[in-house]
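Chemist: dropping a prediction and its sequence here:
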Amino acid sequence: MMLPNRRKFLEILTKGTVSASLLPYTVSGYTSTQVSSKKVKGIAPSSEDTLVLAEDLDYNLLIQWGDSINEQDTFGFNNDFIAFIPNQEKADEGILWVNHEYINSMMIHQEAVTEKTQEQIEKEMYAVGGSLVRVKKENGQWTVVPHADNQRITGLTEIPFNWATPIEGKQAAMGTLGNCAGGVTPWGTVLTCEENYQFFYSDRRSSDRSSTDRSMIPSVEGWEKFYANPPEHYGWVVEVDPATGAAQKHVALGRCAHECATVKELEDGRLVVYTGDDKNDEHLYKFISSQPESLREGTLYVANLDVGKWIPVDVEQQPLLMDQFKTQTEALVYLRESAKILGATPLDRPEDIEIDPVSGDVLVALTNNIPQENYFGSILKIEEENGDHASLTFKATTYLTGGEDTGFASPDNMVFDRAGNLWFTSDISGSKMNQPPYSAFKNNGLFLVMRDGPQAGEVIQMASAPVDAEFTGPCFSPDGKTLFLSVQLSVQHPGEQSTSMETLTSHWPGEPGSIPRSAVVTIQGPLLQQIQQLS
Ligand code: FEO
Ligand code: CA
Ligand code: CA
């Protein structure tokens, strides 16, 4: 399957199928006098196995793992990124894309499995990727509409590479996996990012490209036992057309543990895409297209924070890369090695990236770097020179630092609301939560930083996740009145530390005794409207 021609898709947009204004918006005419002086009351950290919300907010379960989305398909596991593609003709309808990042084998099979069968592995492959579901608001609440056009993209879906040179001899990969965060394009497609691909088909033992050793380290999930897919087929930014489900992998954006892909359209129609590699001491990248509407023609850059420069990952401009790689394709496939050759700055696990809709600053969540004894992380601010996202020079400063003083640790997904306030989630790993040095933070949470007013800059906890869970994928409806928590809040892996079906650490969202299920919830309430000054 190929994506529709860009122009054709834009024609569809202008016919009103979906909104043309899908990119992170710019808040125009914003003034601080619009901000309410009424204080926002947050919550204290919680270790309860429930979803706790600030007063005047409520949630509803929208969809959970295993729910039917059409006659043959079910919703996948461990939700992350959410994109809402509005129906321009009907304000209360849209298509929701939800990432399914990784699996918990015991939960999928509902028993601890040591030697997986091919059938079990295929069941796991079906549980990752993403879901496209029609949603509708009726009587004030969003519901999923079962529809023949709802679909699953999975670890079994054939996906072509958008690149002339074959990757490991193939023009297409088997499936997508590790789908963490993402982005949306100006033409209304979704970008879903393949993060920890090594869990599924492993990775090469040697990172030395001159070595003849192409042996593999065994993977956690062991899918390579039945499907010998090369690791080079994963770790890409994947574009999905929500109308058709057609997908393609974008080689020009390089291969790494992509957390997200945040798109800014320049005035001349070219694109800038920011993306981070979520691993200790890995790097921050941006792609600048040379053509409008293209994620294929252009240059990928990596950040050197010490000198404030974006360095091109381009064999023709970089003789040092030519010493290690024979082609530009190789330099992109082994992006981590390229970045190190070019002197890129090691970072504390770059996670989500958002562009401030008022200032244009680029915020990057640096979640933590435990080997470097950075437990609580920070949010980095990149100010591009002259506010130009195509600039090759920038200033980097710390915007927020995690810790007990600020009340959060390990920032991950971020989103700006309609008033330009920042919301972000935390991602303390299940194995470390509620233990030193993370005890004070209790379960993972959702946090708000007001842009202005009496609480400007203060970090306010707005929600607490169930035990061993993580909120991911926050996404506002276009009117700002609904936050999808995995529809604007994504409960990624409840009960992650459960070691057997008899000793489950979480039962959310069911009753005690039931198995936990990843789900997407909708959050609404008068407080959301107060915070954004919505009528
Ligand atoms: Fe999938 Fe880096 O979080
Ligand atoms: Ca993340
Ligand atoms: Ca995470």
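Modeler: Alright, I've got the coordinates. Ligands and ions are numbered 1, 2, ... in the order given.
Chemist: secondary structure class for Phe484?
Modeler: Put simply, Phe484 is strand when judged by DSSP: H, G, I helix; E, B strand; the rest coil.
Chemist: mind listing what it touches?
Modeler: Phe484 makes contacts with 62, 82, 84, 96, 142, 473-477, 520-523, as judged by CB atoms under 8 Å, 6 or more residues apart in numbering. For the C-beta atoms, the positions are set from N, CA and C on the backbone; glycine is no exception.
Chemist: specify the beta-bridge partners of it.
Modeler: Under DSSP bridges, the beta-bridge partners of Phe484 are Cys475, Thr522.
Chemist: measure it to ligand 1 for me?
Modeler: 17 Å (CB to the nearest ligand atom, to the nearest Å).
Chemist: do Pro218 as well
Modeler: To ligand 1, Pro218 is 22 Å away according to CB to the nearest ligand atom.
Chemist: before we move on, what about Thr189?
Modeler: Using CB to the nearest ligand atom, one obtains 21 Å as the distance from Thr189 to ligand 1.
Chemist: mind listing the strands for the stretch 251-400 of the chain?
Modeler: Ranges of strands in the stretch 251-400 of the chain, per DSSP state E, counting those that start in this stretch, are 262-265, 271-276, 280-282, 284-289, 298-304, 309-312, 347-348, 350-355, 362-366, 378-384, 394-401.
Chemist: again, but for the stretch 401-535 of the chain
Modeler: Taking DSSP E, counting those that start in this stretch to define them, one finds strands in the stretch 401-535 of the chain at 411-416, 422-426, 445-449, 459-464, 471-472, 475-476, 483-491, 519-524.
Chemist: out of those, nearest to Gly66?
Modeler: strand 519-524 (10.0 Å; CB to CB).
Chemist: near ligand 1, which residues of the stretch 351-500 of the chain show up?
Modeler: Residues of the stretch 351-500 of the chain lying near ligand 1 by CB under 6 Å from any ligand atom: Glu351.
Chemist: tell me the residues on the protein that lie near ligand 1, please.
Modeler: With CB under 6 Å from any ligand atom as the criterion, the chain comes near ligand 1 at residues 101, 180, 195, 259, 278, 351.
Chemist: farthest-apart pair in those, please.
Modeler: Glu101 and Glu351 (12.6 Å).
Chemist: and the two? Which one has more around it.
Modeler: Taking other CB atoms under 10 Å, Glu101 and Glu351 do not tie; Glu101 has more neighbours (30 against 27).
Chemist: returning to what we had before: and ligand 2, which of the strands of the stretch 251-400 of the chain is closest to it?
Modeler: strand 350-355 (4.7 Å; CB to the ion).
Chemist: from the chain's centre, how far out does that closest one sit?
Modeler: 9 Å (CA atoms, centre = their mean, to the nearest Å).
Chemist: need the helix or strand of the chain with the lowest average pLDDT.
Modeler: helix 6-14 (a mean of 34; mean pLDDT, DSSP states H and E).
Chemist: center of the chain - which residue?
Modeler: Nearest to the mean C-alpha position of the chain, by CA atoms, centre = their mean, lies Ala181 at 0.8 Å.
Chemist: excluding residues flanking it in the chain, which one is nearest that one?
Modeler: Cys260 (3.6 Å; CB to CB, 6 or more residues apart in numbering).
Chemist: got the contact list for the residue of the stretch 1-150 of the chain found nearest ligand 1?
Modeler: Closest residue of the stretch 1-150 of the chain to ligand 1, CB to the nearest ligand atom: Glu101 (5.6 Å). Contact analysis of Glu101 by CB under 8 Å, 6+ apart lists 78-80, 128, 178-180, 195, 472, 492.
Chemist: quick one, what contacts the spatially closest residue to Pro350 that is not a sequence neighbour?
Modeler: Of all residues not flanking Pro350 in the chain, Gly276 sits nearest, at 2.7 Å (CB to CB, 6+ apart). Shown in contact with Gly276 (CB under 8 Å, 6+ apart): 258-260, 282-285, 347, 350-353, 364.
Chemist: cool, and Ile167?
Modeler: For Ile167, the contacting residues are 161, 173, 230, 232-233, 251, 329, 333, by CB under 8 Å, 6+ apart.
Chemist: that one and Arg209, how far apart?
Modeler: Here Ile167 is placed at a distance of 15 Å from Arg209 (CB to CB, to the nearest Å).
Chemist: go on, Glu330?
Modeler: With CB to CB as the criterion, Glu330 and Arg209 are 7 Å apart.
Chemist: go on, Ile370?
Modeler: As defined by CB to CB, Ile370 lies at a distance of 29 Å from Arg209.
Chemist: same deal with Asn413?
Modeler: Counting by CB to CB, the gap from Asn413 to Arg209 is 33 Å.
Chemist: same deal with Gly457?
Modeler: 46 Å.
Chemist: is it true that Gln118 touches Trp223?
Modeler: No - counting by CB atoms under 8 Å, Trp223 is not a contact partner of Gln118; they are 9.9 Å apart.
Chemist: more crowded one of these two?
Modeler: Trp223 (24 against 11).
Chemist: what's the closest non-adjacent residue to that one?
Modeler: Of all residues not flanking Trp223 in the chain, Phe200 sits nearest, at 4.9 Å (CB to CB, 6+ apart).
Chemist: and the one you found, that's in a helix?
Modeler: Yes - under three-state DSSP, Phe200 falls within a helix.
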